[in-house]
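Student: What shape does this take:
(3 chains)
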Amino acid sequence: MEDLIVRTISRTLVPFIQVYGLYIILHGHLTPGGSFSGGAVLGSSMILFALSFNLERGAKKLSHDASTVLECGGILIFAMLGFYGILAGTNFLTNLKAGFYPGVPGEFFSAGFIIFITVALAFKVASTVITLFYNLIETEGEAHD
Amino acid sequence: MRLVIILFFLALIGFTLVATVAEMPLYGHPENPTNNEVPERFIEKGTEETGVMNIIGGILVDYRAFDTLGEATVLFVAIAAALSALKAHSH
Amino acid sequence: MIEVALRLFENKYFLVAMILFIIGFHTLLTHSNLIKKVIGMNIMDTAIFLFFVSIGYVDGAVAPIIEPGVEQAYINPLPTVLILTGIVVAVSVTAFALSLIVKLYESYGTLDAEEIMRIRSNEP
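Tutor: Here you go, the predicted structure:
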């Protein structure tokens, strides 16, 4: 689709949507939101980019290899943080009792491993949304050829 | 004929569900059986035990972290299955 | 009779959830288009989510974001958390169903479930 208005508006909007998504993710322990909603916002911004521009330029922004790394890495970081609890002598996925930095509740650097898990899960969700979109669109294009 | 059977069963299920709603506790009443000591415990001790302000985030990623790990696995398996179904070459 | 009607009006969120469930089930049963079946399944999911989230509501309470020093009632956080899990599972199931439908359309050339069954029964 070659539409000047759609392209200009979406190119202006995409950074703001991404900043908003990052805000939702990083303040998951303080304000409403968290990994799933923030990841969905991030993924939707990339889908908007790929819809308003053509698919190849969108695919260059996030390649298949990068999405593979994000998919597997997110869940791997989650499991590793869980195993740290076992190394510290507590149960699997123990937060504050395993020695993570507790901080002062209400400040940004607080709540132990919650912020790391939120970021990892959010990028996993975003890459899931983007990968599903690209693959459904690609198979549709092949069917018409 | 099939439509008549379907509508009959839908009416049966719908009547059962609406009758259940008529017997349910009042919406939003503070004395409801769901508002027992469990959510009070989570709201009182949640900030102290997990260090969060957003209790929902605290429950999701700390108390129920193992469940969230399973949820992430479900998402992973779903996308792996979807991709393997889409990329398979049928003849 | 009047009492039952008043009770149903008080519980209108549960009632709407049940009506949505019936609408989704009707779509799932009567339409043979596979995409419409998936849409009906999603409507049923939404009905269950609405039912669970409205169970956790308390009159005059706010969302469970703790504000230090402010005494106020908070809603029940547990159904919300459970439904957050449920939404993700619903999205996963929808994605897998849609990808299967894409492959079915490629191999049979139609989205109609009864048409696909007819083609399959004619095959040797």
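Student: Distance from stretch C:24-44 to the middle of the chain?
Tutor: 11 Å (Cα atoms, centre = their mean, to the nearest Å).
Student: Just give the number of residues close to residue 68.
Tutor: In the absence of a named chain, chain A is used. 12 (other Cβ atoms under 10 Å in any protein chain shown). Every C-beta, even on glycine, is put in place using the N, C-alpha and C of the backbone.
Student: not what I meant, chain C
Tutor: The burial count for residue C:68: 8, using other Cβ under 10 Å.
Student: does it count as helix, strand or coil?
Tutor: Following DSSP: H, G, I helix; E, B strand; the rest coil, residue C:68 is assigned to coil.
Student: so what's it closest to, chain neighbours aside?
Tutor: Closest residue in space to residue C:68, ignoring its immediate chain neighbours: residue A:106 at 6.7 Å, by Cβ to Cβ, 6 or more residues apart in numbering or on different chains.
Student: Tell me where the model's unsure across chain B.
Tutor: Within chain B, the segments meeting pLDDT under 70 span B:90-91.
Student: Around chain A, pick out the residues from it.
Tutor: Contacts of chain B with chain A, taken as Cβ under 8 Å from any Cβ of the partner chain, map to B:47-54, B:56-58, B:60-62, B:65-66, B:68-69, B:72-73, B:75-76, B:79, B:82-83, B:86-87.
Student: Tell me the predicted confidence for the spatially most central residue of chain A.
Tutor: Taking Cα atoms, centre = their mean, the centroid of chain A lies closest to residue A:123, which sits 2.3 Å from it. We have a pLDDT of 89 for residue A:123.
Student: can you check the one 5 residues further on too?
Tutor: At residue A:128, the pLDDT value in this model is 87.
Student: Please report the number of neighbouring residues for it.
Tutor: 27.
Student: Please report how far it lies from residue B:77.
Tutor: To residue B:77, residue A:128 is 11 Å away according to Cβ to Cβ, to the nearest Å.
Student: Kindly report the same for residue B:26.
Tutor: From residue B:26 over to residue B:77 (counting by Cβ to Cβ), the distance is 41 Å.
Student: now do residue C:18
Tutor: For residue C:18, the distance to residue B:77 - Cβ to Cβ - is 32 Å.
Student: just checking, residue B:73 touches residue A:72?
Tutor: No - Residue B:73 lies out of contact with residue A:72 (Cβ atoms under 8 Å); the separation is 11.6 Å.
Student: are any of the residues of chain B next to chain A buried, and which?
Tutor: Neighbour-count burial (16 or more other Cβ atoms under 10 Å in any protein chain shown) applied to these gives B:47, B:49-54, B:56-58, B:60-62, B:65, B:68-69, B:72, B:75-76, B:79, B:82-83, B:86.
Student: can you narrow the residues you listed to ones near chain C?
Tutor: Applying Cβ under 8 Å from any Cβ to these, those adjacent to chain C are B:47, B:53-54, B:56, B:60, B:68, B:75, B:79, B:82-83, B:86.
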